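Colleague: got a structure for you, letters missing:
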Ligand SMILES: [Zn+2]
């Protein structure tokens, strides 16, 4: 089996159960797995120098809408609140085809890889003009990132009092049929899996109560995970109380949307009772600090969630609401926002890195990822700390306090995806040209 030895790293942040921080240590990769971590390891295989570098587990992105990076910084959506923002963007997204879905997924995954991400979920909830979930799965396969796509859905269009145009919503029985098709066709439950499919109605206000419940039943039947947006802002809470007569947490609980096989994006407005519910049920949260700032949604109570034992991971969210999808910067923002809310000692750089790695892996049901220890998957981010951003740093915490925000090398399942800051698995200049030309076409239409 192929071996790669990452040798003599200045620091290895293992994120193992003891959160060990090793200095002058090596990481031995054998096949897709980590074989050993420690000083003085030997190999007959390839050697990659870790000198001047900090090693972390690959970062994990728990919430994204990859297709949105064709609509960054759209005038009219730059400064709008959530619902107005959606209404500006829906008609543009309605023009997307499988080509837009594939190219934007690849571009988005390349952006994530360069910022240290080895495992990303994606939430694709609109399928215009023949688009399918596998458009994104094929994109992830080519670039080589570990991928957890979710089959999203919207079924309440304008004519039924919903927000999206009717052309972007689907019939609920067709949604369920397609959920079954993509789980049967693409979900791989095995250890070390590179693709796990989840079910993800867009939000409680874009599908019916019945679809929420049926998706939960189907997910349990198939053994896959559930994902949606929840309690994102004040409008969201008001809508839930007016429409369903309860808070989002209660709505989720009633419909089977709590448990360790469920994770909700945002959760900015969870109250103490809802945090307790999530803690008791091990329901996960995808914290998206930049998106929450960008849309003015508020500061998620991550300190309280973590103290209560709620599983929390990080998400960059879609590039129409971030608009940057650099996951390392998201970890920094998570740390800073908790300090704004709760003081300078509210979250250390190490804790934010833990949320970004093993925290996210646990939220996605992947305890085999997010740690650098023998037997775990060989997903490794290597950060060069000899450059301008980190020069003069006294401690590895500089990774978030100072930088860098892009990796030197990145390994996923033992395969090198980034080498010396360049994506190795695809022709990036060609991809950028395709992506730019698709964006130009959307702008001109
Ligand atoms: Zn989102």
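Modeller: Cool, the structure landed. This is a predicted model, so every value here is computed, not measured.

Colleague: quick one: residue 271 and residue 246 touch, right?
Modeller: No. Using CB atoms under 8 Å, residue 271 is not in contact with residue 246; the gap is 12.0 Å. Any C-beta I mention is one placed from the backbone N, CA and C, and that applies to glycine too.

Colleague: who's in contact with the lowest-mean-pLDDT helix or strand in the chain?
Modeller: With mean pLDDT, DSSP states H and E as the measure, the helix or strand of the chain carrying the lowest mean pLDDT is helix 82-93 (a mean of 87). Contacts to helix 82-93, defined as CB atoms under 8 Å, 6 or more residues apart in numbering, come from residues 67-68, 71, 74, 76-77, 80, 126, 128, 163-165, 168, 232-233, 235-236, 295, 297, 320-321, 442.

Colleague: what about burial for those residues, which qualify?
Modeller: Among the contacts of helix 82-93, those scoring as buried are 67-68, 71, 74, 77, 80, 126, 128, 163-165, 168, 232-233, 236, 295, 297, 320-321 (criterion: 16 or more other CB atoms under 10 Å).

Colleague: among the residues you listed, name the ones in helices.
Modeller: Within these, residues falling in helices by DSSP state H are residue 236.

Colleague: re the thing from before, how about the least confident helix or strand of the chain: buried residues?
Modeller: By neighbour count on 16+ other CB under 10 Å, the buried set for helix 82-93 is 82, 85-90, 92-93.

Colleague: redo these as a markdown table? Include distance to residue 353.
Modeller: Converted to a markdown table, the buried residues of helix 82-93 look like this (distance: CB to CB, whole Å):
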| residue | distance to residue 353 |
| --- | --- |
| 82 | 29 |
| 85 | 30 |
| 86 | 32 |
| 87 | 37 |
| 88 | 35 |
| 89 | 32 |
| 90 | 36 |
| 92 | 36 |
| 93 | 33 |
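
Colleague: circling back to that earlier point, chain center to the least confident helix or strand of the chain, what's the gap?
Modeller: Relative to the centre of its chain, helix 82-93 is centred 22 Å away, using CA atoms, centre = their mean, to the nearest Å.

Colleague: now the helix or strand just after that helix against helix 82-93, angle please.
Modeller: Next helix or strand after helix 82-93 toward the C-terminus (DSSP states H and E): helix 98-114. Helix 98-114 and helix 82-93 are oriented at 120 degrees to each other (axes from the mean of the first three to the mean of the last three CA atoms, to 10 degrees).

Colleague: flag every buried residue along helix 98-114.
Modeller: By neighbour count with 16+ other CB under 10 Å, helix 98-114 contains the buried residues 98, 100-114.

Colleague: same thing with stretch 426-445?
Modeller: Buried, per 16+ other CB under 10 Å, within stretch 426-445: 426, 428, 431, 434-435, 438-439.

Colleague: mind checking which of these land in helices?
Modeller: Taking DSSP H as the definition of helices, those contribute 428, 431, 434-435, 438-439.

Colleague: can you redo these as a markdown table with pLDDT and distance to residue 391?
Modeller: Shown next, in a markdown table, are these (pLDDT from 0 to 100; distance: CB to CB, whole Å):
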| residue | pLDDT | distance to residue 391 |
| --- | --- | --- |
| 428 | 96 | 27 |
| 431 | 98 | 32 |
| 434 | 98 | 37 |
| 435 | 97 | 33 |
| 438 | 97 | 39 |
| 439 | 95 | 36 |
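
Colleague: closest to residue 325 among those residues?
Modeller: Residue 325 has its nearest neighbour among those in residue 435, at 13.1 Å by CB to CB.

Colleague: quick one: contacts for that closest one?
Modeller: The contact partners of residue 435, by CB under 8 Å, 6+ apart, come to 69-70, 103-104, 107.

Colleague: need the residues you listed in JSON lines (columns: pLDDT and distance to residue 290).
Modeller: Below are the contacts of residue 435 laid out as JSON lines (pLDDT from 0 to 100; distance: CB to CB, whole Å):
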{"residue": "69", "pLDDT": "95", "distance to residue 290": "14"}
{"residue": "70", "pLDDT": "96", "distance to residue 290": "19"}
{"residue": "103", "pLDDT": "98", "distance to residue 290": "23"}
{"residue": "104", "pLDDT": "98", "distance to residue 290": "18"}
{"residue": "107", "pLDDT": "98", "distance to residue 290": "18"}
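
Colleague: dump those residues to CSV, plus distance to residue 355.
Modeller: Below are the contacts of residue 435 laid out as CSV (distance: CB to CB, whole Å):
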residue, distance to residue 355
69, 23
70, 29
103, 30
104, 26
107, 25
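
Colleague: closest one to residue 150 out of those residues, please.
Modeller: For those, the nearest to residue 150 is residue 104 (16.0 Å; CB to CB).

Colleague: which ones are touching the closest one?
Modeller: Taking CB under 8 Å, 6+ apart as the criterion, residue 104 is in contact with 66-70, 435, 438.

Colleague: any idea how far it lies from residue 438?
Modeller: The gap separating residue 104 from residue 438 is 8 Å, by CB to CB, to the nearest Å.

Colleague: overlap in contacts, those two.
Modeller: In contact with both residue 104 and residue 438: residue 70, using CB under 8 Å, 6+ apart.

Colleague: quick check: next helix or strand after the helix or strand containing residue 12?
Modeller: For residue 12, the host element (DSSP H and E) is strand 3-13. Where DSSP H and E defines the elements, the next helix or strand beyond strand 3-13 is strand 21-30.

Colleague: list the buried residues for that next one?
Modeller: 22, 25-30.

Colleague: residues of stretch 356-367 that come out buried?
Modeller: Neighbour-count burial for stretch 356-367 [16+ other CB under 10 Å]: 356-366.

Colleague: what does stretch 43-54 rub up against?
Modeller: 2-13, 26-28, 382-386, 396, 399, 408-409.

Colleague: try 6 Å this time
Modeller: Residues outside stretch 43-54 that contact it (CB atoms under 6 Å, 6 or more residues apart in numbering): 3-9, 11, 382-386, 396, 399.

Colleague: again with stretch 187-205
Modeller: Stretch 187-205 is contacted from outside by 32, 123, 125, 146-154, 179, 182-183, 186, 207, 211-212, 215, 219, 224-229, 239, 251, 377, using CB under 6 Å, 6+ apart.

Colleague: restricted to strands, list those.
Modeller: Counting by DSSP state E, the part of these found in strands is 123, 146-153, 225-229.

Colleague: closest one to residue 134 out of those residues, please.
Modeller: Closest approach to residue 134 among these (CB to CB): residue 149, at 8.5 Å.
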